[in-house]
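Undergrad: can you look at this prediction? I've put the sequence above it.
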Amino acid sequence: MNSIESLTEVAPVWEAKVQSASGNFALSTSAVIALILSMLIVGVSFGAVAPLVSAILENRGFSEYFTGSVTATLSLAIALSSTWVGKLVERYGTRRINVLGVSGQALGFAGLGLALMTNEALLFPVRFGLGVAATMTFIATEVALLRGVAEAVRGRVMAAYGSGFAVGFMLGVFASDLSYEWFGLWCFGLVACIAALFVPLAWRGMRGEIGAPMPSFHDSASTKAKLTRFNWQPSWMALFGAVVFGALDTAISGTYPVEGQRLGLTRSETLRIVGIMAFGMVAGQPFAGWLADKFGARRPIAAVTMFGILCCFVAGAISQHMTTINTFWIAAAFCGIGIAIGSVYPISLKVLADRTVPENLPLANARFSTLYGYAALIGPLLAASGIDAMERLGYLGWAVPSVSALTLAIMLALVWRDKKLRI
């Protein structure tokens with residue numbers, strides 16, 4: 001089930017139930033499609049850029065640390081810009097900030113091609129700009145959806161939203177490999193033109209109250225001070241979902257092409273495995289969102305994290321112990337890891353919204369995006385260090401799977417902690 005199909009299933013329900021702090025209003029189908037398409041183009045950005053640029057840099061002889069740093073620069077931008085982007089959403093509304101984000105993605109694609117044609121060091125400022133643009137779309141779209149979606153179907157709608165990102169990521173991985181084969185570095189210009197087509201769709205789709213500035217921005221200073229002092233204790237499980245998604249998505253997409261090629265795979269084979277991991281992210285989200293709506297968040301998160309840890313062990317064992325690498329089974333294991341990563345994301349957003357009053361959503365989503373950014377910054381660097389260390393020890397096949405398993409194990413421990421809080 002893809003994101004649009006998932007959206008179509010729940011649209012009749014939530015259009016009748018939607019409420020916000022500022023009054024009753026229903027998100028139109030065009031508004032939600034605009035939001036999901038915005039995330040799709042961010043997904044294309046992540047999928048087309050991280051693995052392809054990593055593979056190109058590996059072929060040009062750059063170290064895993066340079067490659068990991070290029071990947072992590074986008075994440076640094078997300079971490080540093082999330083707080084003030086949240087304030088911009090409050091002041092100027094979700095519509096304007098989202099359009100700025102999508103426009104920035106288009107400009108960033110073109111900048112990547114120019115950097116690879118001229119000087120690879122320029123990848124750092126370009127990736128930083130792409131990170132700021134992605135943050136604008138992340139926070140604007142999440143605030144709009146979480147404000148306007150009824151709690152009873154929030155898991156499924158956020159699954160559709162997350163699937164939009166994952167579908168874009170998967171398309172970016174597969175399409176970037178083919179387009180690079182056909183057009184070389186000019187493929188980045190092609191993607192920039194495609195991204196530019198989404199700008200008017202984002203602008204038109206978010207007309208009305210959902211794209212307007214937050215009413216709380218005009219409240220008194222004492223009220224705003226009160227909004228910033230709320231209890232984060234019940235939200236740690238949800239917030240760590242951003243860490244899982246940020247760290248593992250970028251670690252696998254940004255550094256597995258390095259590990260895979262050192263294991264003897266071709267560039268196309270490593271990108272295919274990353275793309276299949278992204279397919280797992282898409283496949284798991286609709287079912288996970290439905291489970292969260294029906295049975296609560298803890299049990300689905302616990303189940304998918306345990307499944308993901310098992311898949312990490314399978315991926316590491318196959319990569320390490322097979323003399324002739326069987327890409328089918330490695331891809332299947334990474335698909336399972338993708339299912340776990342993708343399933344955690346919408347459930348975490350649902351928990352965050354369920355435990356946060358609407359007026360505090362910009363702040364909560366800014367924190368969520370900040371953690372995503374720092375995790376996505378650290379994840380590729382840890383994975384690069386893992387590749388270096390495991391290669392020296394003779395266990396290269398375990399590098400990325402071990403980082404993934406450790407991160408999911410921490411998520412499992414937080415689920416247990418959340419149960420003890422009796423929320």
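TA: Yep, it's here. Residues are numbered from 1 along each chain as shown.
Undergrad: show me where the stretch 101-250 of the chain has helices.
TA: 123-148, 154-183, 187-205, 221-227, 236-262 (DSSP state H, counting those that start in this stretch).
Undergrad: how about those helices in TSV, adding mean pLDDT, distance to Ala278 and mean neighbour count?
TA: C-beta coordinates here come from the backbone N, C-alpha and C atoms, glycine included. Shown next, in TSV, are the helices of the stretch 101-250 of the chain (pLDDT from 0 to 100; distance: least, CB to CB, whole Å; neighbours: other CB atoms under 10 Å):
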stretch	mean pLDDT	distance to Ala278	mean neighbour count
helix 123-148	85	16	25
helix 154-183	78	4	25
helix 187-205	81	16	18
helix 221-227	45	36	11
helix 236-262	85	8	26
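Undergrad: could those be laid out in TSV, adding distance to Leu80?
TA: Output for these, formatted as TSV (distance: least, CB to CB, whole Å):
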stretch	distance to Leu80
helix 123-148	8
helix 154-183	21
helix 187-205	23
helix 221-227	22
helix 236-262	14
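Undergrad: could you point out which of the ones you listed sits nearest Ser82?
TA: Ser82 lies closest to helix 123-148 among those, at 5.6 Å (CB to CB).
Undergrad: now the closest one and helix 187-205, what's the angle there?
TA: If you take axes from the mean of the first three to the mean of the last three CA atoms, to 10 degrees, helix 123-148 sits at 20 degrees to helix 187-205.
Undergrad: got the confidence number for Asp293?
TA: At Asp293, the pLDDT value in this model is 84.
Undergrad: count the residues that sit near it.
TA: 22 (other CB atoms under 10 Å).
Undergrad: of the helices of the stretch 101-250 of the chain, which is nearest Ala283?
TA: helix 154-183 (8.6 Å).
Undergrad: could you list the low-pLDDT ranges of the stretch 1-150 of the chain?
TA: Within the stretch 1-150 of the chain, the segments meeting pLDDT under 70 span 1-28, 50.
Undergrad: please repeat the previous calculation with a cut-off of 50.
TA: The model of the stretch 1-150 of the chain has pLDDT under 50 over residues 1-25.
Undergrad: surely Val53 touches Phe109?
TA: No: counting by CB atoms under 8 Å, Val53 stays clear of Phe109, with 11.4 Å between them.
Undergrad: more crowded one of the two?
TA: Neighbour comparison, Val53 and Phe109: the larger count goes to Phe109, with 26 against 23 (by other CB under 10 Å).
Undergrad: list the contacts for that one?
TA: Contact analysis of Phe109 by CB atoms under 8 Å, 6 or more residues apart in numbering lists 45, 48-49, 188-189, 191-192, 195.
Undergrad: what's the closest non-adjacent residue to it?
TA: Spatial nearest neighbour of Phe109, excluding adjacent residues (CB to CB, 6 or more residues apart in numbering): Ala192 at 3.7 Å.
Undergrad: residues touching the one you found, list them.
TA: Neighbour list for Ala192: 106-110, 113 [criterion: CB under 8 Å, 6+ apart].
Undergrad: just the buried ones from these?
TA: 106, 108-110, 113 (16 or more other CB atoms under 10 Å).
Undergrad: between those residues, which is nearest Ala175?
TA: Nearest to Ala175 among those: Phe109, at 12.4 Å, using CB to CB.
Undergrad: reformat the buried ones among the contacts of Ala192 into a markdown table and put distance to Ser404 next to each item.
TA: Shown next, in a markdown table, are the buried ones among the contacts of Ala192 (distance: CB to CB, whole Å):
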| residue | distance to Ser404 |
| --- | --- |
| Ala106 | 32 |
| Gly108 | 27 |
| Phe109 | 28 |
| Ala110 | 33 |
| Gly113 | 31 |
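Undergrad: hmm, which two among those are most spread apart?
TA: Most distant of the buried ones among the contacts of Ala192, by CB to CB, are Ala106 and Gly113, 12.1 Å apart.
Undergrad: nearest to Gly254 among the buried ones among the contacts of Ala192?
TA: Each of these was scored against Gly254 by CB to CB, and Gly108 proved nearest at 16.0 Å.
Undergrad: look at Ile301 and report its pLDDT.
TA: 91.
Undergrad: actually, Val400.
TA: 90.
Undergrad: for it, what are its contacts?
TA: By CB under 8 Å, 6+ apart, Val400 lies in contact with 251-252, 255-256, 259, 315, 383, 386-387.
Undergrad: same check, this time on Ile341
TA: Neighbouring residues of Ile341 by CB under 8 Å, 6+ apart: 244-245, 248-249, 277, 280-281, 308.
Undergrad: let's see it at 7 Å
TA: Counting by CB atoms under 7 Å, 6 or more residues apart in numbering, Ile341 makes contact with 244-245, 248-249, 281, 308.
Undergrad: excluding its backbone neighbours, what's nearest it?
TA: Using CB to CB, 6+ apart and skipping the chain neighbours, the partner closest in space to Ile341 is Leu248 (5.0 Å).
Undergrad: do Gly108 as well
TA: In space, Gly108 is closest to Leu130, 3.8 Å off (CB to CB, 6+ apart).
Undergrad: how about the contacts made by that neighbour?
TA: Contacts of Leu130 by CB under 7 Å, 6+ apart are 45, 74, 105, 108.
Undergrad: wait, a strand at the first one?
TA: No: with DSSP: H, G, I helix; E, B strand; the rest coil as the criterion, Ser45 is assigned helix and is not in a strand.
Undergrad: wait, it sits on Ala106?
TA: No: Ser45 is beyond contact range of Ala106, at 9.4 Å (criterion: CB atoms under 7 Å).
Undergrad: report the angle between the longest helix seen in the chain and helix 236-262.
TA: Scanning the chain for the longest helix, with DSSP state H as the assignment, gives helix 361-393. Interaxial angle, helix 361-393 versus helix 236-262 (the same axes, to 10 degrees): 40 degrees.
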